[in-house]
Structure formats: structure tokens, C-alpha cells
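> Structure for this input, please:
(chains A and B)
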Amino acid sequence: MESMNDPLYHRLRESHWRRKLIAGEEAELRAWLAAHPEMEADWATEAGLGEVLSCLPDAPVPTNFTARVLNAIERESEGSRRETSGWTWRWRRLLPKAAVAAVVAAIGLISYERHEATQRAVLARNVATVADVADVAAVPNPGLMQDFEAVRRLGQTPPADEELLALLR
Amino acid sequence: MPANLDPDAALMLRVKQGDTAAFATLVDKYKQPVMNLAYRTIRDTTEAEDLAQNVFVQVYKSAHRYRSSAKFSTWLFTIARNLCLNEIRRRSRHPAESLDASLPGQEGQPLHQVEDKATFSPPESLLHGELEDKVERALADLPENQRTAILLCRQEELSYEEISEVLGCSLSATKSLIHRGRETLKHRLKAYLLTGAWRNPK
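Prediction:
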């Protein structure tokens, strides 16, 4: 139904949701409904609902409600005042800071230990490298490794050549 | 202090400086609408009183965060709605025995006959008991955001923009929530609405 979407009807209906229509709005509505009689029933239920909702009784509020609110606030303030005084509260404030300091110190110590370990490992590798270089001269000619017999005799002191010695005399 | 400062904002500025008399003035002014919202959210008078009390305690504790550029009522109802939502979530995690539960063989008869003090209407009420009960139940059955939007609409000091701030959604979404909620209520209460049965017979 087109008249349901009429902007004037929408505006008047939305005003009616919040409050009673003023005289000018009532006149506008009467004129509009005269031109759109098919909307009379819709407006009747709309108006009826508005009246019913406005007649709903208020929920009961105790006569001492405000005093109870103020007492609750006073109790909460006293509670937080007790919490923020005394050594317990001071310890609670210091504890997080101490925890952070301990974590930072632990991280520093671990980093130092790792650095020292790395340095020691580097030194050990350097020493090993120097030792390897020093042993190069004692390593036999690689060509000898091809000859099994020669390899077997490596490290053995060859016997004196008696015939050669006799010839040389 | 600016001359055109909202009166509630002026009171809150005094509350920020520890003025409890200013705070008591604000509590007196808003205790009823806050209580209405709390009661129609959790449907228990005693717990609604506790919740409403907690709303104002929270307002006082958060006073240092209040900015005078913001409307106090918007800020207040935002806190109230958030506490209501917390209570709804808490109840959904720890469901209590339903007051509407029936004994076996006695369907239709509630298990607990409890006087609902909130619907005990003094003579000046314009809604008779049955209709009032129907309206309250229809409201209670709405989704929380639709019900809150409709209830906040009753607070004439809140504009639609301020209601949308409280609900945390756009202006058009807010109006859509109100429209859908009201359509549901009209459908459920149609028989009463057309007869004008709520009008005071006196």
C-alpha cells in the first residue's frame, strides 16, 4: 500500500512514538487520513498502542533508593581507601616492578653467558686450526697412499741397508 | 562553565569534584526511568532495584570519564543498558527455575504463585489488570534491542539520535527496531487496542 510509505505519515507516526502530537500535527494527520481512509485502521491501532504504552505503570522505586545508592558509594570508597593504605598495598605496588627488573636481569645474564660460551668456542676452533697447520709437515706424501705396502710401512723405521754400507766403506 | 550548559551536565561537573549532593539530585531525577528499564528487562523487582542501584554506582565511579559535551541522559542510559545486557547474559549462563513452570498434570497452573508487586496497580492506573499483564508479557517477549528502543522512546528527553547512540546502531536501524517492535505489539494486542479497553471506566 503506497500510503504506508508516505513521508508525511512516517514523520507523524515517528513523532507519535515519542510524544503526543501537537495541534498542528493533529490537523495534518486528520487531513491526510481524510485523503487516505484506508489508513484509518492502521492509525487507530498505532494510536491505541501509544496510549497503552503511556499508561503502563512505573516500576516501584523504594523511597530510600537514593540513600541506598549513596551508602553503596560510601562503602565502595571506604573499601578502596583500606586497600590503598598499609604495607600490603605498598608491596602490591612494588611487586610488578620487581618482577620486571628480575626478568630484565635474567635476560642480561643469559645473554652474557651465551656470549662467553661463543667466545670460548671460537678460541677452541682457532687453537685446533693452529694445531692442524703445525702437523702438516708430518703428513706423508699422498702419492704413497696409493701403494698399500708403502702405507703399511709408514711409521716403521726402515732397516739399515748393509750391502750399501759395505760398498761405501 | 558555559552559560548554555545542559543542567544535568552542570551537575555532573560538580559530581566530578566530589559533590555528592549534586549526584543525589541526578539520582532522584533518573531513578524512575532507570528502574523502569531495569524492571522491564529482567522482570524481577528486587533484582531490578539492585541493578538500578548498580547503574548509579557505576555512574559515580565513572564520573571522571564524563565529558560535558555528551548529554548526561544518553551516557546514563548507555551504562544502564550495558548492565542490563550483562545481567541477561549472566542469566542465560545460569538459568534459574522458571516461575512459569507447571507441576505435571497441572499444565496452565504456575508452579509458584507469586504476587507481582509491579503489576499491583493503585486505583489511579488507567490499565486494568488483564490488559496490563498482556502488555507487560508482550513487551517481555520482544527481542532486547526492540524492547529497549521502545522503552527509551518513552523518555521524552531522548531524541532518536540519542536513542541510537545508546543502542549503538544507526538512526535508521533504531527507527526500524522501534517499528518492528511496535508492529509485533500491535499484532498481539490488536483485540484490546481496537476496543479501547484500557480507558479508565471512571
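
> tell me the domain ranges of chain B?
B:1-94, B:124-197 (automatic domain parsing).

> and the last one, average pLDDT?
Right, the one you point to is domain B:124-197. Regarding domain B:124-197, the rounded mean pLDDT is 90.

> List the buried residues of the host helix or strand of A:Glu163.
For A:Glu163, the host element (DSSP states H and E) is helix A:162-168. Buried residues in helix A:162-168, defined by neighbour count with 16 or more other C-beta atoms under 10 Å in any protein chain shown: none. Quick note: C-beta positions are derived from backbone N, CA and C, even for glycine.

> mind checking the backbone torsions on B:Ser68?
In terms of degrees, to the nearest 10, the main-chain angles of B:Ser68 are phi -70, psi -20.

> ok, and the closest non-adjacent residue to it?
Setting aside the residues directly before and after it, B:Ser68 is nearest to B:Ala9 in space (C-beta to C-beta, 6 or more residues apart in numbering or on different chains), at 4.4 Å.

> I'd like to know which residues of chain A are adjacent to chain B.
A:14, A:17-19, A:44-46, A:48-49, A:51-62, A:65-66, A:68-70, A:72-73, A:76 (C-beta under 8 Å from any C-beta of the partner chain).

> List only buried entries from the residues you listed.
Using 16+ other C-beta under 10 Å as the burial test, the residues of chain A next to chain B include A:17-18, A:45-46, A:48-49, A:52-53, A:55-57, A:59-61, A:65-66, A:68-70, A:72-73 as buried.

> for the residue sitting nearest the centre point of chain A, helix, strand, or coil?
Centroid-nearest residue in chain A, with C-alpha atoms, centre = their mean: A:Val100, separated by 18.2 Å. Recorded secondary structure, A:Val100: helix (DSSP: H, G, I helix; E, B strand; the rest coil).

> Please report how far it lies from B:Glu144.
For A:Val100, the distance to B:Glu144 equals 43 Å [C-beta to C-beta, to the nearest Å].

> in chain B, which helix has the most residues?
helix B:171-195 (DSSP state H).

> from memory B:Val55 sits against B:Thr41, does it?
No: checked against C-beta atoms under 8 Å, the pair B:Val55 and B:Thr41 is beyond contact range at 11.4 Å.

> show me the contacts for B:Val34.
Residues in contact with B:Val34 (C-beta atoms under 8 Å, 6 or more residues apart in numbering or on different chains) are B:52, B:55-56, B:76-77, B:80.

> That one is in what secondary structure piece?
Using DSSP H and E, B:Val34 sits in helix B:20-42.

> I'd like the next helix or strand past that helix.
helix B:45-61.

> Just the buried positions in that next one, please.
If you call a residue buried by 16+ other C-beta under 10 Å, then helix B:45-61 has these buried ones: B:45, B:48-49, B:51-57, B:59-60.

> and what of stretch A:98-115?
Per 16+ other C-beta under 10 Å, stretch A:98-115 contains no buried residues.

> Likewise for stretch A:25-41?
Buried residues in stretch A:25-41, counted by 16+ other C-beta under 10 Å: A:28-29, A:32-33, A:36, A:39.

> Mind checking which of these are in helices?
A:28-29, A:32-33.

> wait, which of those residues is closest to chain B?
A:Leu33 (16.1 Å; C-beta to the nearest C-beta).

> residues in contact with that closest one?
Counting by C-beta under 8 Å, 6+ apart, A:Leu33 makes contact with A:39-40, A:43.
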